[in-house]
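Enquirer: Requesting a structural model of the entry that follows:
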Amino acid sequence: MGDKVIWGLSEKGKFSVKSAYYADLETKNQKTGETSNGDQNERLWRKVWRLTNSGKVKQFLWEALNGILPTRSILFKRRIIDNSTCPVCNREEETDIHVLWDCPASVDVCGEDCSPVRKWGRNYADFTTLWSNLQSKLEEGKLHIVAEVLYDLWKRRNDMVFEGKFKGPCVLIQQAVQEVETVNVDASMDSKRGKVGIGVVVRDFRGEVHVVVAAPIQVIEDIKAVVHAQPGWSVTFKGRDGNRGAHAVAKLALSLSTECVWMEEVPTEVLPAVVSDLPSFVMSV
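Expert: Presented below is the predicted three-dimensional model:
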């Protein structure tokens, strides 16, 4: 009897797309490791997509975590270029963890006073390990800043390579930090008069007030519309202890007949409450 070709991954020995799919899935699961590792990866990606950063930052993180950023190390291995040395420091091989974390130019940025990772070490084997650690140890606001910093580091690298431009560490970290703003909203009701007021306080990462709004209840629908129109924004509950400013503004709105807005200033009636919230907004570094 002559030899014949059989497909060893199906009971009948015949090839099928279904059997090939499950074979490929099993191989990927083996590379991932035990179920706990698979669950850990799923949690990592869930947190990435829930970040309030822009889509371009999330896309950058996806590429970095999948090891496909076009670093010189990757391009060298694909024989596209003949030199894998970092174009910024000209010392080490340019891997993703090097350009985003270990390069002296990156260390200078992360070492700035307002950086959430100013005192972090440099002993990470790869970017995925670093990012997993960042996710587990940083609160949402600080993780947002770090994601912006990492994206800006990669963009700065490309600007230098292709346009000869290079931003200093202070400029780059401030650019990332200024992306973060907090909006506090609260409502107050006068049951005797049947009136409801809403208060809004907008602060930067330092807790400094940018905008105060006191208005009748109708403005709630406008706020909902704005939030829904911004896919990168998220809404979270904040207890009264950290929301005194917005509550005071909402009570002020009860005495108003129309919406009032204060830019870069705080009405004297609510100033004590707004100041009392400040410690909860200042990010410790």
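
Enquirer: so how far is stretch 145-165 off the chain centroid?
Expert: Here stretch 145-165 is found 16 Å from its chain centre; the criterion is Cα atoms, centre = their mean, to the nearest Å.

Enquirer: can I get the CA coordinates of it in CSV?
Expert: Taking Å, rounded to 0.1, in the frame of the first residue of the first chain, the C-alpha atoms of stretch 145-165 are listed here in CSV:
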residue,chain,number,x,y,z
ILE,A,145,-0.3,61.8,31.9
VAL,A,146,2.3,59.0,31.4
ALA,A,147,0.5,57.7,28.3
GLU,A,148,0.7,61.2,26.9
VAL,A,149,4.4,61.4,27.8
LEU,A,150,5.2,58.1,26.1
TYR,A,151,3.4,59.1,23.0
ASP,A,152,5.2,62.5,22.9
LEU,A,153,8.6,60.8,23.4
TRP,A,154,7.9,58.7,20.3
LYS,A,155,6.7,61.7,18.4
ARG,A,156,9.7,63.7,19.5
ARG,A,157,12.0,60.9,18.3
ASN,A,158,10.3,61.0,14.9
ASP,A,159,10.4,64.8,14.7
MET,A,160,14.2,64.7,15.3
VAL,A,161,14.8,61.9,12.7
PHE,A,162,12.7,63.3,9.9
GLU,A,163,12.6,67.1,10.6
GLY,A,164,15.6,67.8,12.8
LYS,A,165,13.4,69.2,15.6
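
Enquirer: Now do that stretch: everything it contacts.
Expert: With contacts defined as Cβ atoms under 8 Å, 6 or more residues apart in numbering, stretch 145-165 is touched by 51, 53, 56-57, 60-61, 64, 69, 87-88, 99-100, 106, 109-110, 115-117, 134, 138, 166-167, 172-173, 175-177, 179-180, 205. (Each C-beta comes from the backbone N, C-alpha and C, glycine too.)

Enquirer: next one: stretch 62-79
Expert: 44, 48, 60, 81-87, 93-96, 98-100, 126-128, 131, 150, 154.

Enquirer: ChimeraX command to pick out the buried ones of these?
Expert: The following ChimeraX line selects those of those that are buried, judged by 16 or more other Cβ atoms under 10 Å:
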select :48,60,84,86,94,95,96,98,99,100,127,128,131,150,154
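
Enquirer: if we can go back for a sec, tell me which of the contacts of stretch 145-165 fall in helices.
Expert: 56-57, 60-61, 64, 106, 109-110, 134, 172-173, 175-177 (DSSP state H).

Enquirer: Could you save those as TSV and add columns showing pLDDT and distance to Ile198?
Expert: TSV is the format used below for these (pLDDT from 0 to 100; distance: Cβ to Cβ, whole Å):
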residue	pLDDT	distance to Ile198
Lys56	89	33
Val57	91	31
Phe60	95	37
Leu61	95	35
Ala64	95	41
Ser106	95	43
Val109	93	39
Cys110	92	39
Leu134	95	35
Leu172	88	37
Ile173	86	35
Gln175	80	32
Ala176	81	31
Val177	75	29
